[in-house]
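**Q** Return atomic coordinates for the entry below.
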Amino acid sequence: MEKLIFDDGCKEYEINGDPNRVLRFNPADIGFIERLEGALQNVTKEMESLKGIKLSPTGNALDEASEAAELVRGMNKSLRASFDQIFYPGAADVVFGAMNPLALSGGHTIYENFLKAFVAIVKPTMDTEVKATQEHLEKYKSEYDRMPAGSAQN
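**A** Numbers count the residues shown, from 1 in each chain. Purely as a prediction, here's the structure:
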């Protein structure tokens, strides 16, 4: 079988120093914006249902036998599904392992902590890629502008 190899921009990120937990994605994939917005809208709506529920530091409802515990378990599944939708199937397992994305650390959920770290990677990479693309397009535009009139093909 022949291979088709090209630069897809993907990079690998070791999660919290664990070489067995590697997330692979293209940080300049503009599709992230659309997928992230959609997932965040869904998560925001669902988070409303958790208002007033007391969570343990591990992200579980303190009263495991209550309706609240069922809501938290549902949110865990939903967060993982939306995360996999943003990246790829299984990405939530790579990033969160067995932890509930609602687990707390530093006063925030680990889901929020990941998103902050993610944005810190994606924004500068996206800015760099956009600048490089603009420079690349300007090069071709200037070559086109120097072509004699009537020599450009449609």
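
**Q** Who are the packing partners of the lengthiest strand in the chain?
**A** Assignment by DSSP state E gives strand 18-25 as the longest strand of the chain. Judged by 3 or more CB pairs under 8 Å, 6 or more residues apart in numbering; DSSP states H and E, strand 18-25 is in contact with strand 11-15, helix 91-96. C-betas here are computed from N, CA, C, even on glycine.

**Q** contacts for that strand?
**A** 10-15, 32, 87-88, 91, 94-95, 97 (CB atoms under 8 Å, 6 or more residues apart in numbering).

**Q** Pipe the residues you listed into JSON lines and attach distance to residue 52 and neighbour count per row.
**A** Output for the contacts of strand 18-25, formatted as JSON lines (distance: CB to CB, whole Å; neighbours: other CB atoms under 10 Å):
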{"residue": "10", "distance to residue 52": "41", "neighbour count": "11"}
{"residue": "11", "distance to residue 52": "40", "neighbour count": "13"}
{"residue": "12", "distance to residue 52": "40", "neighbour count": "8"}
{"residue": "13", "distance to residue 52": "35", "neighbour count": "15"}
{"residue": "14", "distance to residue 52": "37", "neighbour count": "11"}
{"residue": "15", "distance to residue 52": "32", "neighbour count": "16"}
{"residue": "32", "distance to residue 52": "32", "neighbour count": "18"}
{"residue": "87", "distance to residue 52": "31", "neighbour count": "20"}
{"residue": "88", "distance to residue 52": "34", "neighbour count": "13"}
{"residue": "91", "distance to residue 52": "30", "neighbour count": "17"}
{"residue": "94", "distance to residue 52": "32", "neighbour count": "19"}
{"residue": "95", "distance to residue 52": "28", "neighbour count": "23"}
{"residue": "97", "distance to residue 52": "28", "neighbour count": "13"}
